[in-house]
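Undergrad: Next one to model:
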Amino acid sequence: MTMPFRVDNCSIEATLGIVGEKWTFLVLREAFNGVRRFADLQAGTGAPRQVLSARLARLVEEGLLRKVPYREPGQRQRDEYRLTQKGLDLYPIMVALMHWGDRYLAGDDGPPVLLTHRDCGAPVELHMRCAEGHEVASAREITPRPGPGFRPARHPARAAADG
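TA: Numbers count the residues shown, from 1 in each chain. Coordinates of the predicted model:
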């Protein structure tokens, strides 16, 4: 797969600008597993308090999580963190990362977690298909082409001269 062009507004780069580090993925993992409260998120991720606070604030700011107030009897009001639709739309990425790790990093005992369909109990698989319904087995079957939002990257030497 050779791309004879470089885009200035790469969607992968933009996405990684929001979710592209370990603690963010671990927070999202916990949220997908139904964990909502700060102390439980901290216990599940092992993140230092300040790091977790910063990641949660960023995920709320970016619209992947929303805060929902709650109050335990006799306690002050606190917030739970719940996935928004924008956050839920990251689930296939999380599953793809998990399946890759299961394939290449799991020990001899196999994967530590299995995902199953709630209705029938069958294992969940991730597949790519084209708009015509053909299964796409690998990156070798895909051709990148400029899309409607394509903006070519400026050549570094020209950008310096123009700047």
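
Undergrad: Can you get me a residue count around Ala137?
TA: Applying other C-beta atoms under 10 Å, we find 9 other residues in the vicinity of Ala137. (Each C-beta comes from the backbone N, C-alpha and C, glycine too.)

Undergrad: Is Arg29 within a helix or a strand, and which one?
TA: Element membership for Arg29, per DSSP states H and E: helix 22-32.

Undergrad: what sits up against that helix?
TA: Residues outside helix 22-32 that contact it (C-beta atoms under 8 Å, 6 or more residues apart in numbering): 18-19, 40-41, 44-47, 51-52, 55-56, 58-59, 64-65, 81-83, 87, 90-91, 94, 97.

Undergrad: Only the buried members of the residues you listed: can you turn that into a PyMOL selection?
TA: Applying 16 or more other C-beta atoms under 10 Å to the contacts of helix 22-32, the buried members can be selected in PyMOL as follows:
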select buried, resi 18+19+41+45+47+51+52+55+56+58+59+64+65+81+83+87+90+94
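
Undergrad: Next step: the contacts of helix 22-32 restricted to strands.
TA: Leu65, Tyr81, Arg82, Leu83 (DSSP state E).

Undergrad: out of the residues you listed, who's nearest Glu72?
TA: Comparing the ones in strands among the contacts of helix 22-32 against Glu72 with C-beta to C-beta picks out Tyr81 as the nearest, at 16.1 Å.

Undergrad: Could you point out the bridge partners of that closest one in the sheet?
TA: Tyr81 has these beta-bridge partners by DSSP bridges: Lys67.
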